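Undergrad: I would like to see how this sequence folds:
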Amino acid sequence: MEWDLAQMVNDYVIPWGINISLAIVIFIVGRMVVRLVVGLVKKLMNRSGKMDEMLVNFVTSILNAVLLLFVIVASLDQLGVDTTSLVALIGAAGLAIGLALQGSMQNFAAGVMLLVFKPFKSGDFVEAGGVMGVVESINIFSSTFRTGDNKEIIVPNGSIYSDSITNYSARETRRVDMVFGIGYDDDIKKAKEILQRLVAEDDRILPEPEPVIALGELGASSIDFIVRPWVKSADYWKVKWEMNEKVKAAFDAEGISIPYPQMDVHVHQESKAD
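TA: Next up, the predicted model:
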């Protein structure tokens, strides 16, 4: 009986004890190494200054999970578990999940690109993914916009990155393009002087680049002046709207007409012999 117990200890208890101890050591040391590697990667990503904090946390979380999975597999292998089948099962499950979440993975990849290259940031007024509005947040899978009438629209990042992006807030200044038409019987010189005066009187219009005021086109029913001043991006809409109102009032006061679109119709009547 004593021999059987000693043999059991030698054949099973000691080898299993050693394997369990080694597995625990592998797991503990592995966790320490993973923590060290993840911390180092996080520090390097933060040091670059180009990575969004949310992206850094997301990437390091995935890295931590993947490395911990390797540590667990190594620990189970030390215990004698057949990890080949386990790795194959994990791979098949990952492939199935990847195929099922193909659209989500596309949005994730686009979200990473948006956070890395930063074509826009929170607070910018942009047109992207078929939506025009202010960017409220940029997340991993989607971005949130607030429209001018205060609607909240959530757009998948894949739709944003696969299309053109217009960022109206990217530059400090913008050019306001306006067209004002007068009648063919009106005084061209007088109309141009009025436009120049209104532009010069507006303090929000920048002196450089110099505003352009020129006769742009002899239209079908009007003579069209182009007015292109430069303003700060924040003043764009106010200047555009107020300038339209000022020009209309000034033209009315000076007797300059803003003609309606016209079309001359000529009717030819043929006389019939009795």
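
Undergrad: just the strands in the chain please.
TA: Taking DSSP state E as the criterion, the chain contains strands spanning 125-128, 131-138, 142-146, 152-156, 166-167, 173-175, 178-182, 212-218, 223-228, 230-232.

Undergrad: need those strands in JSON lines with mean neighbour count, can you?
TA: C-beta: built from backbone N, CA, C; applies to glycine. What follows is the strands of the chain, written out as JSON lines (neighbours: other C-beta atoms under 10 Å):
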{"stretch": "strand 125-128", "mean neighbour count": "20"}
{"stretch": "strand 131-138", "mean neighbour count": "17"}
{"stretch": "strand 142-146", "mean neighbour count": "20"}
{"stretch": "strand 152-156", "mean neighbour count": "15"}
{"stretch": "strand 166-167", "mean neighbour count": "14"}
{"stretch": "strand 173-175", "mean neighbour count": "16"}
{"stretch": "strand 178-182", "mean neighbour count": "19"}
{"stretch": "strand 212-218", "mean neighbour count": "13"}
{"stretch": "strand 223-228", "mean neighbour count": "18"}
{"stretch": "strand 230-232", "mean neighbour count": "18"}
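
Undergrad: ok, which of the ones you listed comes nearest residue 39?
TA: strand 131-138 (25.2 Å; C-beta to C-beta).

Undergrad: now the angle from that closest one to strand 152-156?
TA: 80 degrees (axes from the mean of the first three to the mean of the last three C-alpha atoms, to 10 degrees).

Undergrad: for strand 131-138, give me every contacting residue.
TA: 52, 54, 111, 114-115, 120-126, 143-148, 151-153, 155 (C-beta atoms under 8 Å, 6 or more residues apart in numbering).

Undergrad: distance between it and the chain's centre?
TA: 8 Å (C-alpha atoms, centre = their mean, to the nearest Å).

Undergrad: now it against strand 142-146, angle please.
TA: Using the same axes, to 10 degrees: strand 131-138 against strand 142-146 is 120 degrees.

Undergrad: quick check: mean pLDDT across strand 131-138?
TA: Mean per-residue pLDDT for strand 131-138: 91.

Undergrad: pairing partners for that strand, with directions?
TA: Applying DSSP bridges to the sheet, strand 131-138 is found paired with strand 125-128 (antiparallel), strand 142-146 (antiparallel).

Undergrad: which of the ones you listed sits closest to residue 66?
TA: strand 142-146 (24.0 Å).

Undergrad: now the nearest residue to residue 153 once chain neighbours are set aside: how far from residue 109?
TA: The shortest distance from residue 153 to any residue other than its chain neighbours is 4.8 Å, reached at residue 145 (C-beta to C-beta, 6 or more residues apart in numbering). Plainly put, residue 145 is 20 Å away from residue 109 if you go by C-beta to C-beta, to the nearest Å.

Undergrad: nearest to residue 47, out of the strands of the chain?
TA: When the strands of the chain are compared by C-beta to C-beta, strand 131-138 sits nearest residue 47, at 21.3 Å.

Undergrad: how far off centre is the helix ranked longest in the chain?
TA: As assigned by DSSP state H, the longest helix anywhere in the chain is helix 14-48. Offset of helix 14-48 from its chain centre (C-alpha atoms, centre = their mean): 37 Å.

Undergrad: what is it packed up against?
TA: helix 53-78 (3 or more C-beta pairs under 8 Å, 6 or more residues apart in numbering; DSSP states H and E).

Undergrad: which parts of the helix it packs on are buried?
TA: 55-56, 58-60, 64, 67-68, 71-73, 75-78 (16 or more other C-beta atoms under 10 Å).

Undergrad: list the beta-bridge partners for the nearest residue to residue 236 once chain neighbours are set aside.
TA: In space, and not counting its chain neighbours, residue 236 is closest to residue 174: 5.0 Å by C-beta to C-beta, 6+ apart. Counting by DSSP bridges, residue 174 is bridged to residue 231.
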